[in-house]
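A.B. asks: Give me the fold of what follows.
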Amino acid sequence: MGDDASRWLAGVPAEGLPFSVASAEACRVTGTDGRSYIDWMAGISVLNTGHRHPKVMEAIRVQQERHLHAMVLGEWAQEAQTAFARRLCGIVPVDDPRVLFTASGAEAVEGAMKAARKATGRVKVAAFEGSYHGDTFGALSVTGRPEMRAPFEPLLPGVSFMRFGDSGALSAVDRSTAAVIVEPIQAEGGVRVPPDGFLKALKKRCDETGALLILDEVQTGLGRTGTMWACEGEGIAPDILVTAKALGGGLPLGAFIAPARVARALCGDGVPGHLTTFGGHPLSCAAGLAALEVTIEADLARNARELGEILTGALSALANAGVIRAVRGRGLLLGVDLGSAARAAEAVEGCRRGGLLVGTTLHNEAILRITPPLVMGDEEAVRGLEIMTSVLAPG
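C.D. replies: Presented below is the predicted three-dimensional model:
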């Protein structure tokens, strides 16, 4: 596609990238080839309100005419940060919440773990096999993929891993554990949904031992799984909630939200607990607040729930026919198991040629990832299914 990014950007394959973006609007992306594609990726769960939502763009315009970065978070009052924090505190399942904005999800994970250590006076952190929490040093330390950790070891000490979804493994959480970090659904691990009751059992174990439960809702939050937060569908509340991706309405933004007592333990003794220059950038906070209002007013969680049922039903028929192995997930966070990375790669390319953008999950390349904008309508859902079905079950 004439993309020479590999010449300038580290991490880009030497042969270049198969797709180059020219513009995007709502649920569609236009490539430099001039074609319009249905977007079933949404920047990997970032663009819940779609590309360039008018209300988000207007909020960005208004804020950029006032000011951009003015001071490090917490040094001066900045209205965009305060307004967004106030709104977030009204919708999170955290007692007496306080928000600390960051620039990314990985940084939010780092801050959450620091807060848990300082609040409990403990060191150990428990995580889960197959998990993904980011690529910074601490976040990588609790990511449950040995092949990702190995090149950078020794990493953070005191980290142990349990089997995801196995309530019997939770005895590893004890009174020396500062925190347990978990994704309600392991997105990068292949869209793995834990058994019913597992997260409740985990929360109970944390409460019994005094460990803090850190819920990583970077991908699952803000309506993606059919409720505002995935944990609400499980009937639990975390001690610390981590969010990012869709939080900024398409701009970089993360946050960890903790009870006041935990926030004070991290930041309230005169020693800076987690400084971040660009965390809570005013432009990102303005965009994020606008996106959140759209999410609530348009009830995008309900749309995710209803369209997710349609997609799951259609794809389950392919599973029943033996065309795919399985479809799993919740809302508009879905994974289609094709059994092999080679077949998944062929399907990604076939869908792209047909006008549909999909990808695979980071830790399981045999899984097609489906994470469209939550503003997707019936037209994009039906047409996307037609394209995917024609690729997976030609003829």
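A.B. asks: make it CA atoms for all contacts and neighbour counts henceforth
C.D. replies: Will do.
A.B. asks: which residues does the residue lying closest to L251 once chain neighbours are set aside contact?
C.D. replies: Excluding its sequence neighbours, the residue lying closest to L251 (Cα to Cα, 6 or more residues apart in numbering) is S284, at 5.3 Å. Shown in contact with S284 (Cα atoms under 8 Å, 6 or more residues apart in numbering): I60, G248, G249, L251, P252, L253.
A.B. asks: Tell me where the stretch 201-350 of the chain has helices.
C.D. replies: For the stretch 201-350 of the chain, the helices defined by DSSP state H, counting those that start in this stretch occupy 230-234, 260-267, 282-297, 300-320, 341-354.
A.B. asks: if you compare the ones you listed, which one is most tucked away?
C.D. replies: When the helices of the stretch 201-350 of the chain are scored by mean count of other Cα atoms under 10 Å, the highest mean neighbour count falls to helix 282-297 (a mean of 23).
A.B. asks: That one to helix 300-320, inter-axis angle?
C.D. replies: 70 degrees (axes from the mean of the first three to the mean of the last three Cα atoms, to 10 degrees).
A.B. asks: mind saving the C-alpha coords of stretch 137-144 as PDB?
C.D. replies: Extracted in PDB, the C-alpha atoms of stretch 137-144 (Å, rounded to 0.1, in the frame of the first residue of the first chain):
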ATOM      1  CA  PHE A 137       8.400  -2.500  33.600                       C
ATOM      2  CA  GLY A 138       5.900  -3.000  36.400                       C
ATOM      3  CA  ALA A 139       3.000  -3.700  34.100                       C
ATOM      4  CA  LEU A 140       5.100  -6.300  32.300                       C
ATOM      5  CA  SER A 141       6.000  -7.900  35.600                       C
ATOM      6  CA  VAL A 142       2.300  -8.800  36.200                       C
ATOM      7  CA  THR A 143       1.600  -9.800  32.600                       C
ATOM      8  CA  GLY A 144       1.000 -13.600  32.400                       C
END
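A.B. asks: which one of the helices of the stretch 201-350 of the chain lies closest to V159?
C.D. replies: Closest to V159 of the helices of the stretch 201-350 of the chain, according to Cα to Cα: helix 260-267, at 20.2 Å.
A.B. asks: Go through stretch 173-189 and flag the buried ones.
C.D. replies: For stretch 173-189, burial by neighbour count (16 or more other Cα atoms under 10 Å) applies to 173-174, 177-189.
A.B. asks: One more: stretch 39-53?
C.D. replies: In stretch 39-53, counting by 16+ other Cα under 10 Å, buried: 39-53.
A.B. asks: Next step: these restricted to strands.
C.D. replies: The strands, defined by DSSP state E, take in D39 from these.
A.B. asks: Relative to S141, which of the buried residues of stretch 39-53 is nearest.
C.D. replies: Using Cα to Cα, those come closest to S141 at I44, 22.2 Å.
A.B. asks: check contacts around the closest one.
C.D. replies: Residues counted as contacts of I44 (Cα under 8 Å, 6+ apart) are Q219, K245, T371.
A.B. asks: Buried only: go through these for me.
C.D. replies: Among the contacts of I44, those classed as buried by 16+ other Cα under 10 Å are Q219, K245, T371.
A.B. asks: Excluding chain neighbours, what is closest to the first one?
C.D. replies: When you say that, I think you mean Q219. Excluding its sequence neighbours, the residue lying closest to Q219 (Cα to Cα, 6+ apart) is S45, at 5.9 Å.
A.B. asks: Let me have the contacts of I44 in TSV, extended by distance to A139.
C.D. replies: TSV is the format used below for these (distance: Cα to Cα, whole Å):
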residue	distance to A139
Q219	15
K245	16
T371	23
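A.B. asks: Take those residues and keep only those in strands.
C.D. replies: Using DSSP E, no member of these sits in strands.
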